[in-house]
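Engineer: Turn this into a model:
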Amino acid sequence: MKLRYALFVFAVSSICQAQSAVDRLQPLVETAARRLALADQVALAKADSGAEVEDAAREKVVIANAVKEGEAKGLGPEDVERFFAAQIEANKIVQYSLLADWRRTGSVPTHAKIDLSKTIRPELDQVQTALIAELADTVAIRSSSTCWVDMAKAAAQYLSSHPQDHPALHAIALDRALAAACTPSK
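Structural biologist: Next up is the predicted model:
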């Protein structure tokens, strides 16, 4: 039994080593993109309620919770704060753009009413937990000197295989969301 376990561990570690940095960054990129997809829903909820895009008090809570969760995974508070501030800014890019488009055209897409606090925020909390885990899993890659190139390639790979309703908007927002992921020698 011990031999099988040792062979399994060896096989898994060999597979992980064989994966490129771009491949190993994919889960982080995909989860950041999933968070941005929720921005569309947040924009619809804010269109329904008339709420402002900016919510400084909520942003502080989100970042504080992320820092606490990140520290529990061994991540530095400054890195987590910077990464989640970028997530929030990217989300706001999507919200501002969609809301402006809807105002210009005079109509919001037909949709069922969305409850931001009961529906979207719990999903954002789940995504946050996944992002923290992925940040912890990619510390070595994100601190490498090739991180920005690897991250850009991972984002390009994601975008080319996941068509969006607003491809340029989501590409720009994803670039913003990932801008603070790399932490090469400071």
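
Engineer: Where do the helices of this protein begin and end?
Structural biologist: Under the criterion DSSP state H, helices of the chain are mapped to 2-18, 21-49, 56-72, 77-105, 121-137, 139-142, 147-161, 167-178.

Engineer: Same list (the ones you listed) but as a markdown table, adding mean neighbour count.
Structural biologist: Placement of C-beta: from N, CA and C, glycine included. Below are the helices of the chain laid out as a markdown table (neighbours: other Cβ atoms under 10 Å):
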| stretch | mean neighbour count |
| --- | --- |
| helix 2-18 | 9 |
| helix 21-49 | 20 |
| helix 56-72 | 15 |
| helix 77-105 | 18 |
| helix 121-137 | 17 |
| helix 139-142 | 17 |
| helix 147-161 | 17 |
| helix 167-178 | 20 |
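
Engineer: To S185, which of these lies closest?
Structural biologist: Nearest to S185 among these is helix 147-161 (10.6 Å), distances taken as Cβ to Cβ.

Engineer: From the contact counts, what lies against the closest one?
Structural biologist: The contact analysis (3 or more Cβ pairs under 8 Å, 6 or more residues apart in numbering; DSSP states H and E) places helix 147-161 against helix 21-49, helix 139-142, helix 167-178.

Engineer: looking at these, which is closest to D125?
Structural biologist: Using Cβ to Cβ, the helices and strands packed on helix 147-161 put helix 21-49 closest to D125, at 10.8 Å.

Engineer: hmm, back to that, want to try CSV for the helices of the chain, with distance to P184 as columns?
Structural biologist: As requested, the helices of the chain are exported to CSV (distance: least, Cβ to Cβ, whole Å):
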stretch, distance to P184
helix 2-18, 21
helix 21-49, 13
helix 56-72, 18
helix 77-105, 12
helix 121-137, 15
helix 139-142, 8
helix 147-161, 6
helix 167-178, 14
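
Engineer: show me where pLDDT drops low in the protein?
Structural biologist: 1-18, 165, 186 (pLDDT under 70).

Engineer: who touches the residue nearest to the spatial centre of it in this structure?
Structural biologist: Among the residues of the chain, the one closest to the centroid is A32, at 1.8 Å (Cα atoms, centre = their mean). Contacts for A32 (Cβ atoms under 8 Å, 6 or more residues apart in numbering) come out as 87, 90, 131, 174, 177-178, 181.

Engineer: will you turn those residues into CSV that also has distance to A51?
Structural biologist: Formatted as CSV, the contacts of A32 follow (distance: Cβ to Cβ, whole Å):
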residue, distance to A51
Q87, 19
A90, 19
L131, 24
L174, 24
A177, 22
L178, 27
A181, 29
